[in-house]
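Q: all I have is the shape, not the residue letters:
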């Protein structure tokens, strides 16, 4: 291999790695909240009912999601005007700082109502950052990808999301195995927040290696490029609505199967904490591997076949699979893998599908605003809704609701704007 070839490959891989490392850290920070909520919920929302405290904690989880559309709009617009690198560097700071704050925050017993207020504010800043990260990073990955590899490159957005989640879940497994429940509830839950905050500093340094994309640099010199939310809705109403419809089912599935599943297995199914974290870590690792494999496949067969596999396959199998969840770890592992295989079909192509709907001048906001609006409404409320219905003995209702949303994804796939894949 010639030195010129090696140099060209390095130029492609380096910005991909820089974006990936930052994304891993950000989603580690986001995931540890849901993963360790079962331990710290009573410390911030004390009550005689542990279920009520957990519900309150996941209500705060949802609040963070409802700030995400604002981040998708404002930080997305910033990325479209000032460049992807500046915006994605800013999101790292906005994610890491609140993670440190939560890890060091006094509890309700020490400062009263100020404790849950601090938790709410921290989650709001994190939600704002996550909103900006999604649109900017999806746009960035699609723009740095060579022709014929856009599906593969864009799939790394969710692969790195899952990598952050795997690390959070793995840390949960290690801590649950090494510490007794009392120690975890007293102070052990703080460890991942402090680790996440420190990792943010490393990610901030790594993202300095990012380079601005050629599409953004070329577009910066163009005149008459109007951007903004009003322009988005006026010029791209169908594309905006399409992203909302796609994300209604996709986000609900993602936050059910990827983020919330450990808590559901512990609280509702009855699997032990060490077994739960072990089962879900194995599932997430395989899920993470499937994403680039399916993304690469989409560069050859197109995006729609994988999206339809998720939509129609999920509509048929989600409810019966949910009934098969068991306190026998091997059975729950198989069900978890089935859920995540379906989810991988959609999320291997979702980022590139959405990025391909909008021009460079408003791609980050065009993806970020509707993506995060739909994620807030559907994905952000998923843990709360499932926790509440499970407490009423109606968890099966939730999975029927999810199956319907997943089926509706097919409507968003019908007339998507697709760049014809080229062979690499």
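A: Received the coordinates, thanks. For clarity, every value in this text was computed on a predicted model and none was experimentally measured.
Q: give me the neighbour count for residue 118.
A: Neighbour count for residue 118, taken as other CB atoms under 10 Å: 18. Just so you know, the C-beta spots here come from the backbone N, C-alpha and C atoms, and that holds for glycine as well.
Q: before we move on, what about the one 4 residues further on?
A: For residue 122, the tally of surrounding residues (other CB under 10 Å) stands at 22.
Q: likewise residue 113?
A: Considering only other CB under 10 Å, residue 113 is surrounded by 8 other residues.
Q: do residue 140 as well
A: Neighbour number of residue 140 under other CB under 10 Å is 32.
Q: now swap in residue 282 and tell me
A: When neighbours are counted by other CB under 10 Å, residue 282 comes out with 16.
Q: ok, and it, which helix or strand is that part of?
A: helix 273-301 (DSSP states H and E).
Q: I would like the residues contacting the helix or strand following that helix, please.
A: Per DSSP H and E, the first helix or strand lying C-terminal to helix 273-301 is helix 304-323. Helix 304-323 is contacted from outside by 249-250, 253, 294, 297-298, 335, 338-339, 342-343, 345-346, 348-350, 353, 395-396, 399-400, 402-404, 406-410, 413, 416, 418, using CB atoms under 8 Å, 6 or more residues apart in numbering.
Q: what does the average pLDDT come to for stretch 302-319?
A: Across stretch 302-319, pLDDT averages out at 94.
Q: sorry, back to before: now the contacts of helix 304-323: which count as buried?
A: With burial judged by 16 or more other CB atoms under 10 Å, the buried subset of the contacts of helix 304-323 is 249-250, 253, 294, 297-298, 335, 338-339, 342-343, 345-346, 348-350, 353, 395, 399, 402-403, 406-407, 409-410, 413, 416.
Q: mind checking which of the residues you listed are in strands?
A: Of those, none are assigned to strands by DSSP state E.
Q: need the pLDDT of residue 334.
A: Value for residue 334, per-residue pLDDT: 93.
Q: now it: how far from residue 340?
A: Separation of residue 334 from residue 340 (CB to CB, to the nearest Å): 11 Å.
Q: more crowded one of the two?
A: Taking neighbours as other CB under 10 Å, residue 334 and residue 340 compare with residue 340 leading, 25 against 17.
Q: isn't the more buried one right up against residue 285?
A: No - using CB atoms under 8 Å, residue 340 is not in contact with residue 285; the gap is 10.1 Å.
Q: can you tell me which residues contact residue 97?
A: Neighbours of residue 97 in contact, by CB under 8 Å, 6+ apart: 125, 197, 200.
Q: which pLDDT value belongs to the nearest residue to residue 258 once chain neighbours are set aside?
A: Leaving aside its chain neighbours, residue 258 sits nearest to residue 165 (6.2 Å; criterion: CB to CB, 6 or more residues apart in numbering). Residue 165 is assigned 79 on the pLDDT scale.
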